[in-house]
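Student: need a 3D model of the sequence below.
(chains A and B)
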There are 2 protein chains.
Amino acid sequence: MENRTYTADAEPGDDVTVAGWAHELRDLGGIAFLILRDKTGKIQVKFAKDEMDDDLVETGTGVSRESVVKVVGHVEEEPRAPTGVEVVPESVEVVAPADPELPLDPSGKVGAELPTRLDNRTLDLRRDEPKAVFEIRAEILRAVREYFREVDATEINTPKIVATGTEGGTELFPITYFGEEAFMNQSPQLFKQLMVGSGLERVFEIGPIFRAEEHNTPRHLNEATSIDFESAFADHREAMDVCEGAVRAAYEAVAENCAAELEVLGLDDEFEVPEEAFPRLSYEEAIERINATGELDDQLVWGDDLPTEGEKALGRDVGGHYFITDWPSEIKPFYIKDHDDDSALSTGFDMMHPRMELVSGGQREHRHDQLVAGFEQQGLDPESFEYYTKMFRYGMPPHAGFGLGGERLVMTMLGLDNIREAVLFPRDRQRLSP
Amino acid sequence: MENRTYTADAEPGDDVTVAGWAHELRDLGGIAFLILRDKTGKIQVKFAKDEMDDDLVETGTGVSRESVVKVVGHVEEEPRAPTGVEVVPESVEVVAPADPELPLDPSGKVGAELPTRLDNRTLDLRRDEPKAVFEIRAEILRAVREYFREVDATEINTPKIVATGTEGGTELFPITYFGEEAFMNQSPQLFKQLMVGSGLERVFEIGPIFRAEEHNTPRHLNEATSIDFESAFADHREAMDVCEGAVRAAYEAVAENCAAELEVLGLDDEFEVPEEAFPRLSYEEAIERINATGELDDQLVWGDDLPTEGEKALGRDVGGHYFITDWPSEIKPFYIKDHDDDSALSTGFDMMHPRMELVSGGQREHRHDQLVAGFEQQGLDPESFEYYTKMFRYGMPPHAGFGLGGERLVMTMLGLDNIREAVLFPRDRQRLSP
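Tutor: You can find the predicted model right below:
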């Protein structure tokens, strides 16, 4: 729209062409106010009924809420107006009328349940809070990419249609691909490993992953955004350094560039960039500390996976982000390398927010024969993965990396109750549309 | 790998720990050279057989090509070495041996056909040229995202699993989604439109799209990277401005930041950032100019779609990027708006590189009733798209946008013969792995 100006830029004396949504209409009799909202804010438009053209007043005061309106006018100082200025209109045009019956109230005065919000994301994101969440989400992705480039990683894009999944046939969505069976990829794991063996050495990818997991919880999605990093000539300790750096870079960028959004979300006072190094607890220390909290009915013993309740108890105990390292090898996937001096101990790590796991990573098994043996132990046919294992015969360097859940990062950073609040159009067991 | 140093940083007098691949071995009798290659370049390692420890010499000179090797040593000036320096080793370790039989020669001395390269991308990307292509690809995506942010667009991520495709059931890959029929999305079109009606107003997405098209050509992929932009309160002319700006930003960034990669590809002399505004030809002018070239057997008449041969003839005639505007409405999708003063003319546009189409865009139909009528004319059931059309009843602003083929941008910028050279792991009619 030519000559369009934003409401946030309106200064007394300006001639403006503002366009946006009819946020609210207040009719005081002789005078009426239309509050017009665009992406930058809101502005008051004044209709002095006796002083203005009848058609103009009728159009401006007759508009239904959430209609799209274009107003050409002059900006005047008005201390009683919400932003200290108001527009005296010369013309008003209803560009797109809205049905008076709205399925969701974008003014936020009438609350809405999450399913209603997700069914009507267009209206939902006219509200300041959800909009702030997604502006912050975009900033997080920008900052993480910038950080990865700073540590010399190259962005890659790997296929989402694959012949075999990373960890076999479970939890995969099947596709019909020109008559052949294929799957939607559950992780870029194998492909990013193939690339660290190439001349790129160090890579990252931010893209969708697909998991046909049945559970329907506030922290699982069937389609999610994975932030993946992988580096040749790195071990699990260096991967943890990069992981910590990426998460800190995201927090720093949001603190620096999203002050207005944090204020909208009521987080401006409490938002903290994690300054201290994330503690690195061994699995053994982790279960000891969980047991010491006394919050579990049964004491954990070596070899147990950590139950959600245990993670939460430990999270409260630690009070910030932390790593759990040196897991029992049998709990971690076969492509994670064991410690050279103790094959019962894995180099795998998790990075935890007090509320939940954010990251899974480790040094990878780069030795061909051990890798193939791992497939067999997992009950997978190494033949189906030959496109991958074959490359380990031609000089595959030691390497390490991690996958960070994009939505979980947003959710924990902003204290969202449900991971679906961090995705525009979530996919879960019940939800396939919009 | 702690203390690892890059070959490109090695200066005479340095103590280094270089790690990489055994690129070449030259044995001159009393002296032998191992050329070690890492992501930054290559360096010569000298083995003076009589002066050095036998085990060291044996390890260093016995290593098979493409094995991963770690060398600790001292850097000395050596004018006859390829980089003017060489490493005198103190220790050599074969970190990961390579089979002597390689399916592809990363030194590039023995050429390889594209299918062999795609089957062995790990080895293929140890060659300088393919590596340069993907370093440039990453820079293009970075630059385009930065440009979109400069024009106030917010990055979004929309679902790849959908209940209905953008343009109906053809050319979609079906998925089984918890027992329900679903599809892999062929375009973020409908979702980005839903977002311009939200408070975000202006959005972009770079992500995978999936098209079950049967054709197997050097310029089609079944999984591709789409660069999408959409803006509220914009018409097709403003969308063309942004489109042109994004493509120019990509060229500028590559010219500025990828000089070494362009040199590797032999493009350093001929690489040109498009400086002039892209000509905007109407469809009518386009067919006239194609007919005037005399290169087609049959003259085109109004209403014909442009055949590939015609596009190429016009591309040679124009000699640079250009737009084709004002298409007959019946050729363009129903969600593209017609001109207000002539419903036979569409606001849809294509942006062309002389070799092929890069972009398709236009102003969108934002009026609810006309949009629903468009679905019906297209033979689609508007009910299936109600999640989308419904939002057009609640104040959907006029809007416009485009989709730019990421791989086509890379391919045309770098003069690649086949679009598969611009994707790490292409998916086509025959290729599902790796």
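Student: ok, the residue of chain A most remote from its centre - contacts?
Tutor: The centre of chain A is farthest from one residue, residue A:50, which by Cα atoms, centre = their mean lies 51.4 Å away. The contact partners of residue A:50, taken as Cβ atoms under 8 Å, 6 or more residues apart in numbering or on different chains, are residue A:30. All C-beta spots, glycine's among them, are computed from the backbone N, C-alpha and C.
Student: now do it against residue B:315, distance only.
Tutor: 63 Å (Cβ to Cβ, to the nearest Å).
Student: same deal with residue A:59?
Tutor: 48 Å.
Student: which parts of the stretch 201-350 of chain A are strands?
Tutor: Counting by DSSP state E, counting those that start in this stretch, the stretch 201-350 of chain A has strands at residues A:202-210, A:223-232, A:280-282, A:322-325, A:338-339, A:342-346, A:349-353.
Student: from the contact counts, what lies against the first one?
Tutor: Going back to what we said before, that points to strand A:202-210. helix A:128-150, strand A:154-155, helix A:189-196, strand A:223-232, strand B:202-210 (3 or more Cβ pairs under 8 Å, 6 or more residues apart in numbering or on different chains; DSSP states H and E).
Student: averaged pLDDT, that strand. What do you get?
Tutor: Mean pLDDT, strand A:202-210: 98.
Student: and the shortest one, by the same measure?
Tutor: Mean per-residue pLDDT for strand A:338-339: 96.
Student: so how far is it from its chain's centroid?
Tutor: 32 Å (Cα atoms, centre = their mean, to the nearest Å).
Student: same question, the first one
Tutor: Its chain's C-alpha centre and that of strand A:202-210 lie 13 Å apart, by Cα atoms, centre = their mean.
Student: give me the phi and psi for the closest residue to residue A:97 other than its chain neighbours.
Tutor: Leaving aside its sequence neighbours, residue A:97 sits nearest to residue A:67 (Cβ to Cβ, 6 or more residues apart in numbering or on different chains; 4.7 Å). Main-chain torsions, residue A:67, degrees, to the nearest 10: phi -70, psi 150.
Student: what's the local residue count around residue A:67?
Tutor: 18 (other Cβ atoms under 10 Å in any protein chain shown).
Student: what residues does the stretch 301-434 of chain A put near chain B?
Tutor: Residues of the stretch 301-434 of chain A found near chain B (Cβ under 8 Å from any Cβ of the partner chain) are A:366-367, A:387-388, A:390-391, A:393-398, A:423-427, A:429, A:432-434.
Student: buried ones from those, can you make that a PyMOL selection?
Tutor: Only the buried entries of these go into this PyMOL selection, using 16 or more other Cβ atoms under 10 Å in any protein chain shown:
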select buried, chain A and resi 366+367+387+388+390+391+393+394+395+396+397+398+423+424+425+426+427+432+433+434
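Student: helices - which of the residues of the stretch 301-434 of chain A next to chain B land there?
Tutor: A:387, A:388 (DSSP state H).
Student: one step back: and the residue farthest from the centre of chain A, what element?
Tutor: Assignment of secondary structure by DSSP states H and E places residue A:50 within no helix or strand.
Student: and residue A:249, what is it in contact with?
Tutor: Counted by Cβ under 8 Å, 6+ apart, residue A:249 has contacts A:143, A:144, A:146, A:147.
Student: before we move on, the earlier item: quick one: the residue nearest to residue A:97 and residue A:92 touch, right?
Tutor: No: between residue A:67 and residue A:92 there is no contact, the gap being 10.8 Å when judged by Cβ atoms under 8 Å.
Student: residue A:68 touches residue A:18, doesn't it?
Tutor: No: using Cβ under 8 Å, residue A:68 is not in contact with residue A:18, being 11.4 Å away.
Student: circling back: wait, which of the contacts of residue A:249 is closest to chain B?
Tutor: residue A:146 (8.8 Å; Cβ to the nearest Cβ).
Student: what segments of chain A are helices?
Tutor: A:54-62, A:114-119, A:121-124, A:128-150, A:189-196, A:236-257, A:259-264, A:283-293, A:308-318, A:368-377, A:386-389, A:406-414.
Student: so which of the ones you listed is nearest residue A:74?
Tutor: helix A:54-62 (13.3 Å; Cβ to Cβ).
Student: then the closest one to CSV, C-alphas only?
Tutor: Taking Å, rounded to 0.1, in the frame of the first residue of the first chain, the C-alpha atoms of helix A:54-62 are listed here in CSV:
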residue,chain,number,x,y,z
ASP,A,54,-21.5,12.7,7.5
ASP,A,55,-20.3,9.9,5.2
LEU,A,56,-16.8,9.9,6.8
VAL,A,57,-18.3,9.7,10.3
GLU,A,58,-20.7,7.0,9.3
THR,A,59,-18.0,4.9,7.8
GLY,A,60,-15.6,5.4,10.6
THR,A,61,-18.1,4.8,13.4
GLY,A,62,-20.0,2.0,11.7
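Student: average pLDDT for it?
Tutor: Averaging pLDDT along helix A:54-62 gives 96.
Student: now do stretch A:293-309
Tutor: Here the average pLDDT along stretch A:293-309 is 94.
Student: also stretch A:277-290?
Tutor: Mean predicted confidence for stretch A:277-290 is 97.
Student: kindly report the same for stretch A:369-383.
Tutor: 90.
Student: just the terminal-to-terminal distance for that stretch.
Tutor: 13 Å (Cα to Cα, to the nearest Å).
Student: next, the buried residues of that stretch.
Tutor: Those would be A:371, A:372, A:374, A:375, A:380, for stretch A:369-383 by 16+ other Cβ under 10 Å.
Student: surely the third one and residue A:334 touch.
Tutor: Right, the one you point to is residue A:374. Yes: in this structure residue A:374 lies within contact range of residue A:334 using Cβ under 8 Å: 3.3 Å.
Student: list residues touching both of these two?
Tutor: residue A:365.
Student: roughly how far apart are residue A:273 and residue B:52?
Tutor: On the measure of Cβ to Cβ, residue A:273 and residue B:52 end up 52 Å apart.
Student: tell me which of the two has more neighbours.
Tutor: Neighbour count, other Cβ under 10 Å: between residue A:273 and residue B:52, residue B:52 has more, with 17 against 14.
Student: quick one: pLDDT of the residue nearest to residue A:205 when sequence neighbours are not counted?
Tutor: Spatial nearest neighbour of residue A:205, chain neighbours left out: residue A:228 (4.8 Å); criterion: Cβ to Cβ, 6+ apart. Predicted confidence (pLDDT) for residue A:228: 98.
Student: any idea how far the residue lying closest to residue A:244 once chain neighbours are set aside is from chain B?
Tutor: Nearest residue to residue A:244, sequence neighbours excluded (Cβ to Cβ, 6+ apart): residue A:278, at 5.1 Å. Using Cβ to the nearest Cβ, to the nearest Å, we find residue A:278 at a distance of 20 Å from chain B.
Student: for residue A:278, phi and psi?
Tutor: phi -70, psi 130.
Student: tell me, how many residues neighbour it?
Tutor: 19.
Student: ok, it - contacts?
Tutor: Contacts of residue A:278 (Cβ under 8 Å, 6+ apart): A:240, A:244, A:320, A:321, A:322, A:323, A:351.
Student: who's in contact with the fourth one?
Tutor: For residue A:321, the contact set (Cβ under 8 Å, 6+ apart) comprises A:244, A:247, A:274, A:278, A:351, A:352, A:353, A:354, A:358.
Student: what's the closest non-adjacent residue to whichever residue of the stretch 151-300 of chain A sits closest to chain B?
Tutor: Closest contact between the stretch 151-300 of chain A and chain B, by Cβ to the nearest Cβ, is at residue A:198 (3.3 Å). Distances taken as Cβ to Cβ, 6+ apart put residue B:125 closest to residue A:198, at 3.3 Å, once the chain neighbours are dropped.
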